[in-house]
Structure formats: C-alpha cells, structure tokens
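Quick check, what structure comes out for this input:
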Amino acid sequence: MKMIKRIAVTGPESTGKSVLAKQLADHYQTVWVPEFARSYLENLGRVYQEKDILEIAKGQVHAEAAASDMANGFLFCDTELIVAKIWSEVKYRRCDPWIIGEVERQSYDLYLLCDIDIPWEYDPLREHPHLRLDLFRMYQNELTGRNFSYAIVNGLGNRRLENAVAAIEHFDFNNDGR
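Okay, here's the model as predicted:
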C-alpha cells in the first residue's frame, strides 16, 4: 500500500486555492481534488440552502476518497471541511454536526492556508469580499485550535507556488511537521 501525503489547500474565498492546488499537483506530478462546491453550485439551478452545504461536504469527502487511489506521493485537496464549517457558521450561524465530526476526523498531513494578499476577484459564487481578514482569522483559529499542522502561503503570481513548495519541502512529514 502506497503512503500518500495528503495536503489541504484552504482559506477564504478568492485566495487562489484552486489555482494553487492544480499547480502543486502539476509540480509534484500527481492528482488534485477540485472544490466540489463549485460544480455542485453551478449545476444546482436554484439558490443554495443550508442543507446544500452538508451535501457539498459529503461530496468533497467522496471526491477525495476516489482521488486517493490515483495519487502519486501527494494528494492535493482544493478546500476541505473547515471551509464548509466556516461557510455554514457565517451564513447560518450554525453547522451540521456531521460536518463538525468530519472536521475532527480529517487526516491531512499539512494544511496550506492561503493568505488574503492577492486581489479579490468577482465570481457569482463568492459572497464576502469585505470579510476577508475576519475569515482568514477564522481559518487560522480553527487550524491552531485543533492543533493541525499548517503553513500560511502568500505571494503574488509564481511566488505563491514557490512559497507553497518551500513549505511542503521544509515540512517534516515523519514528525507532524514539528
């Protein structure tokens, strides 16, 4: 059985998670798991509801499980369930217990928390251009409070990828990065 290092690319909206996850997969010649929410919402045909966040979370978990078999050394995940948790809490002031339980069971070796240093880009699926700093702090608090290993990734253009690769290369996967 091959040992796959699972890396979650996480953070607020419009911080380059999708681009970075794909770039990292290309760099390490492996696969990545796209954000399930995007395809789900684009094909929904109506305004999303609270129950949709749970379906999105379940879809993300299933997509990651399916991609694991194709991974080569690393599996890069564009978002993870902290995203669903924070999204639900900000939008609905609560979160489904299934999502909370799954956040606690997540098994990523490293989280790459994307900084808010890149310009906001409009997208009809994005909702909070004025909450970027608050959201970033929520992500950081979740990661720190759960004692998850993470690195903040910043930089514009190719520098962001270079910083992410450096964080991965300097991370001690045999000792939880510590």
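
who does the helix or strand bottoming out on mean pLDDT in the chain touch, helix- and strand-wise?
Among the secondary structure pieces of the chain, namely its helices and strands, helix 36-42 has the lowest mean (mean pLDDT, DSSP states H and E), a mean of 94. Contacts of helix 36-42 with other secondary structure elements, assessed using 3 or more Cβ pairs under 8 Å, 6 or more residues apart in numbering; DSSP states H and E, are made with helix 50-68. (Glycine included, C-beta is placed from N, CA and C.)

Count the residues that sit near A164.
The burial count assigned to A164 is 25, neighbours taken as other Cβ atoms under 10 Å.

tell me, what residue is most central in this protein?
The central residue of the chain, meaning the one whose C-alpha is nearest the mean C-alpha position (Cα atoms, centre = their mean), is T79 at 2.1 Å.

I'd say that one and Y40 touch.
No - applying Cβ atoms under 8 Å as the test, T79 and Y40 come out as separate, 11.9 Å apart.

Quick one: end-to-end distance for stretch 74-93.
34 Å (Cα to Cα, to the nearest Å).

just how off-centre is that stretch within its chain?
7 Å (Cα atoms, centre = their mean, to the nearest Å).

Check which residues of that stretch are buried.
Residues 74-88 are the ones in stretch 74-93 that count as buried (16 or more other Cβ atoms under 10 Å).

So for the residue nearest to the centre of the chain, what pLDDT did the model give?
We have a pLDDT of 91 for T79.

and it, what is it in contact with?
Under the criterion of Cβ atoms under 8 Å, 6 or more residues apart in numbering, the contact list for T79 reads A8, V9, T10, K17, E35, F36, A37, Q60.

Turn those into a markdown table, including distance to E104.
Formatted as a markdown table, the entries for those read as follows, by distance: Cβ to Cβ, whole Å:
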| residue | distance to E104 |
| --- | --- |
| A8 | 14 |
| V9 | 20 |
| T10 | 15 |
| K17 | 22 |
| E35 | 21 |
| F36 | 20 |
| A37 | 20 |
| Q60 | 16 |
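
Is it correct that A167 is in contact with L112?
Yes - with contact defined as Cβ under 8 Å, A167 reaches L112; the gap is 6.4 Å.

the more surrounded of those two?
L112 (26 against 18).

Is it correct that the more buried one falls within a strand?
Yes - inclusion of L112 in a strand is indicated when DSSP: H, G, I helix; E, B strand; the rest coil is applied.
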